[in-house]
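> Let's see this in three dimensions:
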Amino acid sequence: MSDPNREGDDFAKARRGRNVAIALGLVAFVIIVYAVSIIRMGGSVLERTF
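Here you go, the predicted structure:
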C-alpha cells in the first residue's frame, strides 16, 4: 500500500482539483434547486406580508 503522506505533488494537485470541481457542482445544484423552487411557487412568495 502507498503511504498518503508520501504521495507526489501531482497527485495532491489532482485531488484538490477534483475536490474543487465537486464543490462547484454541489453549489450549482443547490442554486438550481433553489431557483426552480422559487419559480414553481411563483414570484409572489417573496412579496408576502404576514
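
> quick one: the helices in this structure?
Secondary structure of the chain (DSSP state H): helices at 9-41.

> Show me where it dips below the pLDDT cut-off.
Filtered on pLDDT under 70, the chain yields the residue ranges 1-6, 43-46, 48-50.

> Distance from the chain centre to stretch 14-25, please.
9 Å (C-alpha atoms, centre = their mean, to the nearest Å).

> how close does the most centrally placed residue in the chain sit to residue 47?
Residue closest to the average C-alpha location in the chain (C-alpha atoms, centre = their mean): residue 26, at 2.2 Å. Distance of residue 26 to residue 47, computed by C-beta to C-beta, to the nearest Å: 30 Å. In this view, the C-beta of every residue, glycine as well, is placed from N, C-alpha and C.

> ditto for residue 23
33 Å.

> Compare the two (neighbour count), which wins?
Taking other C-beta atoms under 10 Å, residue 23 and residue 47 do not tie; residue 23 has more neighbours (10 against 7).

> And that one, how far from residue 35?
19 Å.

> Other residues contacting stretch 19-36?
Outside stretch 19-36, no residue is within contact range by C-beta atoms under 8 Å, 6 or more residues apart in numbering.

> how distant is it from the center of its chain?
4 Å.

> Pull that stretch out as PDB, backbone CA atoms only.
Backbone C-alpha positions of stretch 19-36 (Å, rounded to 0.1, in the frame of the first residue of the first chain) are rendered in PDB as follows:
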ATOM      1  CA  ASN A  19     -12.500  18.500  -4.800                       C
ATOM      2  CA  VAL A  20     -13.000  22.000  -6.200                       C
ATOM      3  CA  ALA A  21     -15.000  20.600  -9.100                       C
ATOM      4  CA  ILE A  22     -17.200  18.600  -6.800                       C
ATOM      5  CA  ALA A  23     -17.700  21.600  -4.600                       C
ATOM      6  CA  LEU A  24     -18.600  23.800  -7.500                       C
ATOM      7  CA  GLY A  25     -21.000  21.200  -8.900                       C
ATOM      8  CA  LEU A  26     -22.700  20.900  -5.500                       C
ATOM      9  CA  VAL A  27     -23.100  24.700  -5.200                       C
ATOM     10  CA  ALA A  28     -24.500  24.900  -8.700                       C
ATOM     11  CA  PHE A  29     -27.000  22.100  -7.900                       C
ATOM     12  CA  VAL A  30     -28.200  23.900  -4.800                       C
ATOM     13  CA  ILE A  31     -28.600  27.200  -6.700                       C
ATOM     14  CA  ILE A  32     -30.600  25.400  -9.400                       C
ATOM     15  CA  VAL A  33     -32.900  23.700  -7.000                       C
ATOM     16  CA  TYR A  34     -33.500  27.000  -5.100                       C
ATOM     17  CA  ALA A  35     -34.200  28.800  -8.300                       C
ATOM     18  CA  VAL A  36     -36.600  26.200  -9.600                       C
END
